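[1] mind folding the following:
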Amino acid sequence: MTRMGALVAMLAVGALALSACGSDDNTTSTSSAAAAGTSAAGAATSAGGSAASAAAGGDAAGGDTTFEGAGFACAEGSLRSSGSTAQGKVMEQWIADFSAKCGANLNAYGGGGSGKGIADFIGNQVDFAGSDSALNADQASQAQSTRCANNPAVNLPMVTGPIALAYNLSGVDTLILTPEVLAGIFDGSIPNWNDPKIAAVNPGVTLPTLAIQAVHRAEDSGTTENFTKYLAAAAPAAWTIAPAKAWAAPGGVAAQGSDGVSKQIASTDGSIGYVEWGFAQDDNLSVAQIDNGGGAVELTAESAGKAVEAATVTGTGSDLALKLDYATKTPGAYPVVLVTYEIVCSAGNAADIGPLLKSFLGYTATDGQATLSDLGAAPLPAAIQTKVIASVESIS
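    Residues are numbered from 1 along each chain as shown. So this is what the prediction gives:
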């Protein structure tokens, strides 16, 4: 108990020191990023968590029914969810792992995109939603008045999802792109791979005389919104189209969902598109390095995490909406990232839903973070994870 008290005290000091610059960016290698994510979860273990373990006893298999976060223990029942496809693979794994540990019977994650998830949540079709963008003011007002019994809905960052600039270009194994070049590729003003602007940032690389096929999402997508926010922030003179969930630039090829974009790239030589890293990995796609002005950065769990560490918490109270610094020039930070939020009522949840909701999100914020690197995502930076744990603990 003395050791536990010391750990909790250390965590509290660290959280206070970091709270002024809470943000949404990550760090160096997959293993070190995972360690950073799990360290906060370990530090969050408290006597409260131990007491819950003793009270809960064993799970269906006779094992421990508590998680690393203080006060989180297994609960049974069913939850409905839908939303961001960026976290689809992660949510599928989390649901399977949580159900196996706790004997719960959670419904399959519905997917459908961030816009659908938010609409389903406000319309009380799901118990929580996944979204690559935090609720805007109108959505937050609707959720509070019609969904959450006049309690605020909160945005809980749960998955760091690097956006890969995946490409299929025969003979080109290494490709560097800048924000300005990306803007030209996706607005059609750079139509061919051997364009001088691409060649200038890829000295020594033989680029083919081949038309570029830029692939974008067909439906409203939080990934589209985050990618266009990146272009607008990092290359404001070159990308003048307002960021939005719906793709608005001329030309290009549309594909449905993250999987559709990835498959379209894989099947077409000369193509490039923005897609969540895990889908690019599944289809063995090459991924471009991004040079924001601080040098070319390869996409890794660590480099994505380093970008999220630079984010700022803009939400208040239990709401942890983040503002990413897409224009960061921090060496080693991969700047094209998104954070997937779980959107939930902070209070006013139905009596048969609240405990399970708190239990499941407690699992995803603690034990579940350790599985992310294997799924093409990155664990939350420790400072942000600590805040998420505290917010989940306050759900009622």
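
[2] could you find the closest non-adjacent residue to Ser114?
    In space, and not counting its chain neighbours, Ser114 is closest to Gly222: 3.4 Å by C-beta to C-beta, 6 or more residues apart in numbering. In short, each C-beta sits where N, CA and C put it, glycine included.

[3] burial measure for that neighbour, as a count.
    Other residues near Gly222 number 29, with proximity taken as other C-beta atoms under 10 Å.

[4] Leu322 versus that one, what's the distance?
    In this view, Gly222 and Leu322 are 13 Å apart by C-beta to C-beta, to the nearest Å.

[5] ok, Ala149 next?
    26 Å.

[6] who's more crowded, those two?
    Leu322 (20 against 12).

[7] secondary structure element for Gly130, which one?
    strand 128-131 (DSSP states H and E).

[8] how far off centre is that strand?
    Strand 128-131 sits 11 Å away from the centroid of its parent chain (C-alpha atoms, centre = their mean, to the nearest Å).

[9] alpha carbons only: can I get it in PDB?
    Below are the C-alpha coordinates for strand 128-131, written out as PDB (Å, rounded to 0.1, in the frame of the first residue of the first chain):
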ATOM      1  CA  PHE A 128     -21.300   6.000 -27.200                       C
ATOM      2  CA  ALA A 129     -19.900   7.100 -30.600                       C
ATOM      3  CA  GLY A 130     -16.500   7.100 -32.200                       C
ATOM      4  CA  SER A 131     -15.500  10.300 -34.000                       C
END
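
[10] which strands and helices lie in contact with the very next helix or strand once past it?
    Note on strand 128-131: by DSSP H and E, the next helix or strand toward the C-terminus is helix 137-142. Secondary-structure packing of helix 137-142 (3 or more C-beta pairs under 8 Å, 6 or more residues apart in numbering; DSSP states H and E): helix 114-122.

[11] now what about the helix it packs on, what contacts it?
    The contact list for helix 114-122 (C-beta atoms under 8 Å, 6 or more residues apart in numbering) reads 81-84, 110, 112, 126, 128-133, 135, 139, 142-143, 146-147, 153, 219-222, 225, 245, 343.

[12] surely Val392 and Leu361 touch.
    Yes - between Val392 and Leu361 there is a contact under C-beta atoms under 8 Å: 4.7 Å.

[13] show me the shaky parts of this structure.
    Scanning the chain for pLDDT under 70 picks out 1-64, 68-71.

[14] which strand in it runs the most residues?
    strand 153-168 (DSSP state E).

[15] quick one: the helices in the stretch 151-300 of the chain, in order.
    With helices called from DSSP state H, counting those that start in this stretch, the stretch 151-300 of the chain shows them at 179-187, 196-200, 222-234, 257-267, 277-282.

[16] may I see these organised as JSON lines, with distance to Lys89 added?
    Below are these laid out as JSON lines (distance: least, C-beta to C-beta, whole Å):
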{"stretch": "helix 179-187", "distance to Lys89": "25"}
{"stretch": "helix 196-200", "distance to Lys89": "31"}
{"stretch": "helix 222-234", "distance to Lys89": "14"}
{"stretch": "helix 257-267", "distance to Lys89": "9"}
{"stretch": "helix 277-282", "distance to Lys89": "5"}
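
[17] closest one to Phe67 among the ones you listed?
    Between Phe67 and these, the tightest spacing by C-beta to C-beta is seen for helix 277-282, at 23.5 Å.

[18] quick check: buried residues in the closest one?
    Trp277, Gly278, Phe279, Ala280, Gln281, Asp282 (16 or more other C-beta atoms under 10 Å).
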